[in-house]
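Engineer: Need coordinates for the following:
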Amino acid sequence: MTDPITIAVLQHRLAAIAEEMGEAMLRTAYSQILNSSRDFSIALIDAECRLVAQADHIPVHVGAMPWAAKAVSQRFPDPAPNDVYLLNDPYRGGSHLPDLTVFVPIFAAGKLMFWSVVRAHHSDIGGATHGAYNPAATEIWHEGLRLPPMRLTENGVLREDLLEMLALNVRHPRDFRGDLAAQIGAGRLGARRLAEVIGEFGADILHDSVDAMLDAAEHHARQIVAQWQDGEYLGEAVLDDDGFDATDIVIRARVRKSGSDVVVDLTASDPQVTGFVNSSHANTQSAVAMAFAFLLDPDIAKNAGAFRPLSVILKQGTIVWANEGAPVTMCTSHCSNEIIEAIIVALAQACPDRAMGGWGRRLRIALNGTDPRTGRRFIWHMFQARPGGGGSAAGDGYSTIGEWHSAGGIKFGSIEVAETRFPLLFETHEYRPGSAGDGRFRGGTGGDMRLRVEAKGITHANTAGEGVVHGARGIGGGHDGAPHDYTLLAPDAAPQKLKSKQIKVPVPGGSVIHVRSGGGGGWGDPTLRDPAARAADQAEGLT
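Structural biologist: Now for the predicted structure:
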């Protein structure tokens, strides 16, 4: 039997490997979406496709990775020691097409022991529109390249013919190649570090220690869940629309808590829709796991053991598990945010002091134009002016923290760097007064940003997201956060309200995009808010 000290050392060693892989990815990726906004994640998954370790990146990525590992393992039951594997297909363990996932196998004595996994959101993946998000898509083939599990190398050598085929089908081949190379490098770094651990401790001790880590996390999670009130609880969350004919799309969660077990049933959710807010199976599994994790202690190890108390029931053909072929690119943000919110609303009745107000919705803008300084085409993804997080029993929500699905893992990066790399000028970037949902502990505020586009000729904007109708949910008597409000101010033209799902919006040079993002939901009765806290909000201009 492995001793507790060795188990603890190995648990921290594996976590450190994941963190080091993330630092390598950050420093070698080419595109702004990765080396500035950090839209990537790292995980170590064992041969049984169990999540063993992860770094603090994007939760919605990591929760889906075990399903991707299962798809790769089924396609390649005997992976080659020197090879690298790749997928992005949402119907084969992926979440949405922009997220490419790289797998590097690690062996001990000729037997597969781990997968070193890197998932990264690429700035373009082909399809009908720039930047991957296509609000006009009615099928997945409108959204970009779809990659089943495939072998990217042969005997450790990159398949240049395959890489060329992939790069030819995206709008930024240089960034695509560079970002994929960064993923491969980070994955191979993880494989080398794990090989060192195996060499130092031995495969048997590492295997037994992993089992012990997962068992300990399960025990910890069950201790927490056992303290919640038994019962069956209902929760709902609503999406604005799908960009076509569906409005007020409802996610319905029926949650049964008994002893130390939790069953989440989403089968009563609305049918799948025409637009891209449908969810893939792996993405929904991840969203449910996130909601559960958010109600556990912060220091619990987020590995496969922590999720053993959780069971999920889904129905194919619904918004939370679309039939193969439906568009799903928006799903990592929406409907994952609404899945989380519906579950939190339900379980707030069982553990009110652990629940939190809703986090703001994601509404991105992707700009495609020509940089007058270089004459080159650019694609820029907006990560600035993020929405606020929800209030909780611990205090007010974080301002401009982002959405539930990323839990602060996505950053907006340096304003000055963005202005240097792209023909953009940030006239303002500050908190949005009055956006936070009121409560005993208010939500975090959203952002207020005025962005001047200084590109040559006409730039085209795509919007993709949610939250111009429904704001983040208040909990326990707290108020909802304000919805988003995006406006295009073009020269010599009337202000134009931007919808959450538009393509090819013309943006003349000199236009200002005024973004007012939503705030987080409040927690608890607003009449119980500390007067001193209200006075401080007023003095700081947040109300």
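
Engineer: From here on, just use CA atoms for contacts and neighbour counts.
Structural biologist: OK.

Engineer: Past the host helix or strand of Gln74, which element shows up next along the chain?
Structural biologist: Per DSSP states H and E: Gln74 is located in helix 59-75. Sequence-wise, the next helix or strand downstream of helix 59-75 (DSSP H and E) is strand 85-87.

Engineer: What are the contacting residues of that next one?
Structural biologist: Applying Cα atoms under 8 Å, 6 or more residues apart in numbering, the contact partners of strand 85-87 are 68, 72, 94, 100-104, 147-153.

Engineer: Now compare those and name the two farthest from each other.
Structural biologist: Maximum pairwise distance in the contacts of strand 85-87, criterion Cα to Cα, is 20.0 Å, between Gly94 and Thr153.

Engineer: hmm, back to that, ok, the contacts of strand 85-87 vs Leu367, which is closest?
Structural biologist: Distances from Leu367 to the contacts of strand 85-87, taken as Cα to Cα, are shortest for Leu100 (21.5 Å).

Engineer: which residues sit in contact with that closest one?
Structural biologist: 86-88, 119-122.

Engineer: Show the average pLDDT along stretch 170-187.
Structural biologist: The average pLDDT for stretch 170-187 rounds to 96.

Engineer: And for it, what's in contact with it?
Structural biologist: 21-22, 24-25, 28-31, 34, 84, 102-104, 116-120, 122-126, 130, 163, 167.

Engineer: next one: that stretch to chain centre, how far?
Structural biologist: 19 Å (Cα atoms, centre = their mean, to the nearest Å).

Engineer: Around Asp230, count how many other residues there are.
Structural biologist: 18 (other Cα atoms under 10 Å).

Engineer: Go ahead and confirm it touches Asp261.
Structural biologist: No - here Asp230 does not reach Asp261: they are 9.5 Å apart, not a contact under Cα atoms under 8 Å.

Engineer: which one is Ala348 nearest to, not counting chain neighbours?
Structural biologist: Ala355 (5.1 Å; Cα to Cα, 6 or more residues apart in numbering).

Engineer: which one of the contacts of Leu100 sits closest to Asn283?
Structural biologist: Of the contacts of Leu100, the one sitting nearest to Asn283 (Cα to Cα) turns out to be Asn88, at 12.0 Å.

Engineer: neighbours around Asp299, how many?
Structural biologist: Using other Cα under 10 Å: Asp299 sits among 7 other residues.

Engineer: and it, backbone torsions?
Structural biologist: phi -90, psi 0 (degrees, to the nearest 10).

Engineer: Report the separation between it and Ala217.
Structural biologist: According to Cα to Cα, to the nearest Å, Asp299 stands 10 Å off from Ala217.

Engineer: in the stretch 51-200 of the chain, which spans are helices?
Structural biologist: For the stretch 51-200 of the chain, the helices defined by DSSP state H, counting those that start in this stretch occupy 59-75, 160-168, 173-201.

Engineer: Kindly compare burial across those helices and name the winner.
Structural biologist: Greatest average neighbour count among those goes to helix 59-75 (a mean of 24), per mean count of other Cα atoms under 10 Å.

Engineer: what packs against it?
Structural biologist: Judged by 3 or more Cα pairs under 8 Å, 6 or more residues apart in numbering; DSSP states H and E, the packing partners of helix 59-75 are strand 40-46, strand 51-54, strand 85-87, strand 111-121, helix 281-294.

Engineer: Is it possible to get a markdown table of the ones you listed that adds mean pLDDT?
Structural biologist: Formatted as a markdown table, the helices and strands packed on helix 59-75 follow (pLDDT from 0 to 100):
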| stretch | mean pLDDT |
| --- | --- |
| strand 40-46 | 95 |
| strand 51-54 | 96 |
| strand 85-87 | 98 |
| strand 111-121 | 96 |
| helix 281-294 | 96 |
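
Engineer: Need the winner for burial among those.
Structural biologist: strand 40-46 (a mean of 28).

Engineer: That one to helix 59-75, inter-axis angle?
Structural biologist: Counting by axes from the mean of the first three to the mean of the last three Cα atoms, to 10 degrees, strand 40-46 lies at 50 degrees to helix 59-75.

Engineer: Direction included, what does strand 40-46 pair against?
Structural biologist: Sheet pairing of strand 40-46 (DSSP bridges) gives strand 51-54 (antiparallel), strand 111-121 (antiparallel).

Engineer: can I get the CA coordinates of the shortest one in PDB?
Structural biologist: When you say that, I think you mean strand 51-54. What follows is strand 51-54, C-alpha atoms only, in PDB (Å, rounded to 0.1, in the frame of the first residue of the first chain):
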ATOM      1  CA  LEU A  51      -9.400  12.800 -15.200                       C
ATOM      2  CA  VAL A  52      -6.400  12.700 -12.800                       C
ATOM      3  CA  ALA A  53      -5.000  16.200 -12.800                       C
ATOM      4  CA  GLN A  54      -5.600  19.600 -14.400                       C
END
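
Engineer: residues making contact with that strand?
Structural biologist: Taking Cα under 8 Å, 6+ apart as the rule, strand 51-54 contacts 11, 14-15, 18-19, 41-46, 62, 65-66, 210, 214, 302-304.
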